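Undergrad: predicted structure and sequence below. I'll ask about it afterward.
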Amino acid sequence: MRALALLLLFLGFSLPVFSLPAGAAPPPASPEEREVTAVFESARSALAQKRGAAVVPLLSRASLDKLEQVRGVARSGNDAGLAKLEPAEKFAAMGLRRYVSPADLRRMSLGDLADHGMKNGWLGPNVIGSSGLGPVRVRGDRASALLMVDNRPALVPADFVREGGAWKIDLTGVFTFGSQMLKGFAAMSGKSDEAYIEDMLQKLPAKPAMMHR
């Protein structure tokens, strides 16, 4: 599942980097830009402290809907439900089935799963510590920024949406991009989405504490 987190949050091709003339200072951030950055920093701080559940309230409604759909399919064990998911969502559901016992999937909320994931190292502290947010661009009730890992821009930007007056992290674009990538890789391999994802998961190191019991 650490690979799942990396796929969804830190896909690693480079994007063009916003640059300023040598010696020029960046323009001061607007209040909205500071609010967006504060949401990201709150999430990063919570992950660094292994408080995965604290990130859940920072996610957009659309993000939570997708994650709840993934959780529902994973806990049902229903392959018909799995077939209705997009590839990135299938990856997430199949990964949960692989690394979380059926009993735990039935009782765990999204917050519980987030805490469980942090406890078991699904997203390593080195990744959390090396991540940051580049320049923020606000357009109405949506905002985006470069997601930086080791001071390099990741392929997928960090997206945000304002809901009820508060900025939330929006993962829907990451799911869409992840699905496109997985579809392309599966097609090149000549395998179905499910078969390709299963091969990926089989290659991940197994951790006894995280396997089905």
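TA: All right, it came through fine. Numbers count the residues shown, from 1 in each chain.

Undergrad: now do the contacts for Lys66.
TA: Contact analysis of Lys66 by CB atoms under 8 Å, 6 or more residues apart in numbering lists 89, 171-172, 175. C-betas here are computed from N, CA, C, even on glycine.

Undergrad: ok, then the element right after whichever strand or helix holds it?
TA: Here Lys66 sits within helix 61-76, counting by DSSP states H and E. The element immediately downstream of helix 61-76 (helix or strand, assigned by DSSP H and E) is helix 79-83.

Undergrad: using PDB, list the CA coordinates for the helix holding Lys66.
TA: Presented in PDB, the C-alpha positions along helix 61-76 are these (Å, rounded to 0.1, in the frame of the first residue of the first chain):
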ATOM      1  CA  ARG A  61     -16.500  15.900  -0.600                       C
ATOM      2  CA  ALA A  62     -15.700  14.400  -4.000                       C
ATOM      3  CA  SER A  63     -12.500  13.000  -2.700                       C
ATOM      4  CA  LEU A  64     -14.300  11.400   0.300                       C
ATOM      5  CA  ASP A  65     -17.000  10.000  -2.000                       C
ATOM      6  CA  LYS A  66     -14.300   8.300  -4.100                       C
ATOM      7  CA  LEU A  67     -12.500   6.900  -1.000                       C
ATOM      8  CA  GLU A  68     -15.800   5.700   0.500                       C
ATOM      9  CA  GLN A  69     -16.600   3.900  -2.800                       C
ATOM     10  CA  VAL A  70     -13.200   2.300  -2.800                       C
ATOM     11  CA  ARG A  71     -13.600   1.200   0.900                       C
ATOM     12  CA  GLY A  72     -17.100  -0.200   0.200                       C
ATOM     13  CA  VAL A  73     -15.900  -2.300  -2.700                       C
ATOM     14  CA  ALA A  74     -12.800  -3.500  -0.800                       C
ATOM     15  CA  ARG A  75     -14.900  -4.600   2.200                       C
ATOM     16  CA  SER A  76     -17.600  -6.300   0.100                       C
END
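
Undergrad: average pLDDT for it?
TA: Computed over helix 61-76, the mean pLDDT rounds to 94.

Undergrad: from here on, count from 40
TA: Happy to do that; since the first residue is 40 now, the last one works out to helix 100-115.

Undergrad: for this protein, just list every one of the helices.
TA: Secondary structure of the chain (DSSP state H): helices at 41-48, 70-87, 100-115, 118-122, 126-138, 141-146, 149-158, 164-169, 211-228, 232-242.

Undergrad: what does the shortest one rub up against?
TA: The one in question is helix 118-122. Here helix 118-122 has contacts from 111-112, 129, 132-133, 233, using CB under 8 Å, 6+ apart.

Undergrad: low-confidence regions, the chain specifically.
TA: Residues of the chain that meet the criterion pLDDT under 70 lie in 40-66, 162-168, 244-252.

Undergrad: I'd assumed Leu172 was in contact with Leu185.
TA: Yes: using CB atoms under 8 Å, Leu185 is in contact with Leu172, at 7.2 Å.

Undergrad: give me the common contacts of those two.
TA: Common neighbours of Leu185 and Leu172 (criterion: CB under 8 Å, 6+ apart): Ala197.

Undergrad: much appreciated, bye for now.
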